[in-house]
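A.B. asks: Give me a 3D structure for the following:
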Amino acid sequence: MSADCEVCWQAAGARDGRASTMVLDWIAPTAPEAPLAAGSVMEAAARAPELTATATLQRQVLLSRADAPRLRIADGPAWNGYVGVQLTVDRRAALPGGAVAYVALVERVPAGSEGSDVTRQLVRSVAGPLSLEELSTERTVRHFRAMRLPEGARPEQLGSVGWVETVQGVVIAATQSAGGNCKKVR
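C.D. replies: Reported below is the predicted structural model:
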């Protein structure tokens with residue numbers, strides 16, 4: 001959604017209540033004084049380059065479990081302005097050529113707070129594309145990233161998500177952390 005579209009944030013949108021569904025909310029930057037500017041990330045503009053006055057919704061069905069790589073993600077406590085995130089990708093079958101991974105730090109916003117009627121996973125920081133070339137010879141690849149704690153983010157509401165996508169941008173596997181590990185270390 002565009003940082004100018006406060007009504008997009010307030011609207012429930014087309015949510016899927018199934019437990020197997022992962023929804024990420026991306027806010028694309030516009031002007032610094034836009035209503036949702038504080039939650040925007042530059043990567044959002046690349047994912048939805050032609051934003052309108054309404055939210056853009058993209059749905060993707062993942063590969064069958066037998067073909068998809070197995071993903072695990074973990075995040076640590078917020079310390080010195082950063083959160084450590086580890087994504088592990090286990091190859092089960094050959095990946096499409098040029099497939100890459102991404103990790104994102106998300107703020108889990110409960111329904112009824114911050115002006116939203118629905119629970120949201122607001123993308124706050126992204127690392128990637130992360131190479132998966134090692135999977136052509138190795139069974140497992142791990143990526144560790146120290147991700148900057150976004151200004152204004154509530155560490156106790158942060159978690160992480162990871163996914164693998166093809167060169168065409170089709171997501172073939174995704175996972176998310178249980179969350180709650182990012183509390184500040186004193």
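A.B. asks: For the residue most central in space within the chain, name its beta-bridge partners.
C.D. replies: Centre of the chain computed as the mean C-alpha position; nearest residue by C-alpha atoms, centre = their mean is Ala104, 4.0 Å away. Taking DSSP bridges as the rule, Ala104 bridges to Val126, Val161.
A.B. asks: which ones are touching it?
C.D. replies: Leu24, Val123, Arg124, Ser125, Val126, Ala127, Ser160, Val161, Gly162 (C-beta atoms under 8 Å, 6 or more residues apart in numbering). (Glycine included, C-beta is placed from N, CA and C.)
A.B. asks: Can you tell me which of those residues are buried?
C.D. replies: Leu24, Val123, Arg124, Ser125, Val126, Ala127, Ser160, Val161, Gly162 (16 or more other C-beta atoms under 10 Å).
A.B. asks: Which single one of those residues is nearest to Leu71?
C.D. replies: Gly162 (5.5 Å; C-beta to C-beta).
A.B. asks: can you pull out the strands in the protein?
C.D. replies: Under the criterion DSSP state E, strands of the chain are mapped to 70-79, 82-90, 100-109, 120-131, 140-148, 158-165, 171-176.
A.B. asks: strands paired with the last one, and their directions?
C.D. replies: It stands for strand 171-176. Partners of strand 171-176 in its sheet, by DSSP bridges: strand 158-165 (antiparallel).
A.B. asks: Other residues contacting the partner strand?
C.D. replies: Counting by C-beta under 8 Å, 6+ apart, 22, 24, 68-69, 71, 73-75, 78, 83, 85, 87, 89, 95, 99-108, 121, 124, 132, 149, 171-182 sit against strand 158-165.
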